[in-house]
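Chemist: structure, please.
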Amino acid sequence: MVEEKTKIIPTGISSLDGLVGGGFPAGSFVVLLEEMGAGAKEFSITSSMMLGAIKAGRLKHSLGKNVVPPKKVLWAMFTRSWPDLIREVESSFDSELYEFFRKHVESVDFSEDYFVTSSVPLEWVSDEAAKRRQKEVLGSLGGALTGIHRLAGAPVSKPKGMLGSLADFLTDQAPGNVVFLYTLTDVARLYSDSAEKWYEFALFIRGLQRATKKWGGVVYANLNTNLLDKRMEEEIALCADGVLSFEWARAGPTQRRRTLDVRKFSGLLSYTKGAAMRFEVDITPSSGLQVIRPELVEGLRA
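Modeler: Sure, this is the predicted structure:
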């Protein structure tokens, strides 16, 4: 019997895909670990734009029959609004790339789930949510004033919470698709103030890593460094199939350069004979994020 090749999901970033066998293995959970401004967000945006270009038939991928673009590209947003991100993409990249992003990337807003237990007013988060809450309050008052108490004895349904809502979304939408969790830092910080909450979050991440194998797409999770306890950061990284670390490196007395280290990646480093890879990263309005000057790094092992 001839073993079928593992399906590969391209990132759409040709300068990277060409060096790693066409993209990343289907069923991967990938953490994009980033020092502030070092390029993980731009990686996510560029990948989305280029996958949009592939979907629109404007960009070809010819790196093997086992390289299969996703059906959809989706972003799960937690604290930042989608229109705000769209404006950033429009102002940062050429109009054609912006159109690929605007037309071919879908978003899901989890801000209501995120802020529901906080002191943040709902009208700051969502006009629709604020109107819905107002209707609920008026409905309750109306029922009380007219003496209607039919629901008084009915059990109150327990809210699913942030992780429950996210799990439902991923179960429904992640199969065969690329999903960006922007950002996992936001979600993790909701669960970082006690050992019990963190245990719940860590279990969710371990379950997510298992589920991606069934779904056959790729789930990327943006995670900022130095905002969580180092132990928590490492625990998330240990759960992932791949960790791409975006960092700043000195390029001289007064200059810095962005770098990308492939810290680990299950099923990927066979392309590099076991050594991890490091790239210098360049970001331009006309091409987004690209990797340049790759090098093998013996000190970084998967």
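
Chemist: in what helix or strand does residue 15 lie?
Modeler: Element membership for residue 15, per DSSP states H and E: helix 14-17.

Chemist: likewise for residue 162?
Modeler: Under the criterion of DSSP H and E, residue 162 resides in helix 161-173.

Chemist: so which elements touch that helix?
Modeler: Contact here means 3 or more C-beta pairs under 8 Å, 6 or more residues apart in numbering; DSSP states H and E; on that basis helix 161-173 packs against strand 73-77, helix 111-115, strand 178-182, helix 184-190, helix 195-215. Every residue, glycine included, has its C-beta placed from N, CA and C.

Chemist: buried ones in it?
Modeler: Within helix 161-173, the residues scored as buried using 16 or more other C-beta atoms under 10 Å are 162-163, 165-167, 169-170, 173.

Chemist: thinking again about what came up before, please identify the deepest-packed of the helices and strands packed on helix 161-173.
Modeler: strand 178-182 (a mean of 26; mean count of other C-beta atoms under 10 Å).

Chemist: strands paired with that one, and their directions?
Modeler: strand 73-77 (parallel), strand 218-224 (parallel) (DSSP bridges).

Chemist: downstream of the last one, the next helix or strand is which one?
Modeler: Towards the C-terminus, the helix or strand next in line after strand 218-224, according to DSSP H and E, is helix 230-239.

Chemist: distance from whatever helix or strand comes next after that next one to the middle of the chain?
Modeler: The element immediately downstream of helix 230-239 (helix or strand, assigned by DSSP H and E) is strand 242-250. For strand 242-250, the distance between its averaged C-alpha position and the chain's averaged C-alpha position is 16 Å (C-alpha atoms, centre = their mean, to the nearest Å).

Chemist: what's in contact with the next helix or strand after strand 242-250?
Modeler: Towards the C-terminus, the helix or strand next in line after strand 242-250, according to DSSP H and E, is strand 256-265. Applying C-beta atoms under 8 Å, 6 or more residues apart in numbering, the external contacts of strand 256-265 come out as 20, 24, 28, 30, 33, 38-39, 43, 237, 240-251, 268-269, 276-283, 291, 297, 300-302.

Chemist: quick check: mean pLDDT of the next helix-or-strand element following strand 256-265?
Modeler: Proceeding C-terminally, strand 256-265 gives way to strand 275-284 as the next helix or strand, assigned by DSSP H and E. Summarised as a single mean, pLDDT over strand 275-284 is 86.

Chemist: surely residue 93 is in contact with residue 285?
Modeler: Yes. Taking contacts as C-beta atoms under 8 Å, residue 93 lies within contact range of residue 285: 5.1 Å.

Chemist: coming back round to it: got the strands paired with strand 178-182 as CSV, with distance to residue 121 and mean pLDDT columns?
Modeler: As requested, those are exported to CSV (distance: least, C-beta to C-beta, whole Å; pLDDT from 0 to 100):
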stretch, distance to residue 121, mean pLDDT
strand 73-77, 19, 98
strand 218-224, 26, 98
